[in-house]
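S.K.: model this:
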Amino acid sequence: MKKLAVLAALLVAAVLPASAETGVLKLSLWDDISIAVPANKQDITGLDFGIGSKTATVTGLQWDFLFAQTEYELKGVSMAWIVNLANQVKGAQMGLLTKNDDLIGAQLGLVNLSMHSATGLQWGFFNQAEYMHGLQLGFVNYAKAIEGLQIGILNIAENGWFPAMVLVNGRF
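M.R.: Residues are numbered from 1 along each chain as shown. The predicted structure is shown next:
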């Protein structure tokens with residue numbers, strides 16, 4: 001826990017000089033019930049921390065207990081114990097349920113949903129991406145189109161070696 005707090009402090013310190021127009025620290029109770037320093041609650045460059053948070057853009061760390069939602073773009077790490085939602089993720093997204101439109105990085109959760117494209121890693125019980133470029137590692141993996149590898153009990157890729165495979169499927 002101590003190492004995680006030091007890591008978060010270093011991340012905030014690293015992005016502090018980024019811009020006076022973005023919030024550096026946001027503390028959220030629920031959704032938009034929050035305070036931010038400076039007062040910009042929608043564009044955070046630093047740390048977004050709380051119980052449940054909804055933010056337009058996050059560059060840095062978004063860490064919430066119940067849900068973390070980034071409406072436009074996340075560059076960095078977003079963690080939530082229950083639900084994590086974002087439009088575009090560049091970094092890592094973690095939670096029991098993770099959902100985004102576009103991913104460049106990693107999704108780590110029980111259920112990982114990328115509604116359009118995913119480039120990188122999806123690791124969980126169920127992984128789904130319309131267009132997957134990288135690795136899906138889970139019990140059930142689904143991709144409409146894949147350029148990479150699926151490893152799991154059931155792997156479904158419409159353009160894969162076979163439409164459905166046990167253990168390994170993919171396309172290069």
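S.K.: Not counting stretch 114-132 itself, show me its contacts.
M.R.: If you take CB atoms under 8 Å, 6 or more residues apart in numbering as the criterion, stretch 114-132 is touched by 98-113, 133-148, 150, 152, 157. All C-beta spots, glycine's among them, are computed from the backbone N, C-alpha and C.
S.K.: switch to 7 Å and redo it
M.R.: For stretch 114-132, contacts defined as CB atoms under 7 Å, 6 or more residues apart in numbering pick out 100-113, 133-146, 148.
S.K.: Next: stretch 93-112.
M.R.: Under CB under 7 Å, 6+ apart, the answer for stretch 93-112 is 78-92, 113-127.
S.K.: Out of these, name the ones that lie in strands.
M.R.: 78-80, 83-92, 113-127 (DSSP state E).
S.K.: Buried among these? Make that a PyMOL selection.
M.R.: This is how PyMOL selects the buried members of these, with burial counted by 16 or more other CB atoms under 10 Å:
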select buried, resi 78+79+80+83+84+85+86+87+88+89+90+91+92+113+114+117+118+119+120+121+122+123+124+126+127
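S.K.: where in the chain is pLDDT low?
M.R.: Scanning the chain with the threshold set as pLDDT under 70 gives 1-20.
S.K.: quick one: buried residues of stretch 105-112?
M.R.: Buried residues in stretch 105-112, counted by 16+ other CB under 10 Å: Gly105, Ala106, Gln107, Leu108, Gly109, Val111, Asn112.
S.K.: rewinding a little: just the ones of the contacts of stretch 114-132 in strands?
M.R.: Per DSSP E, the contacts of stretch 114-132 map to strands at 100-113, 133-146, 148.
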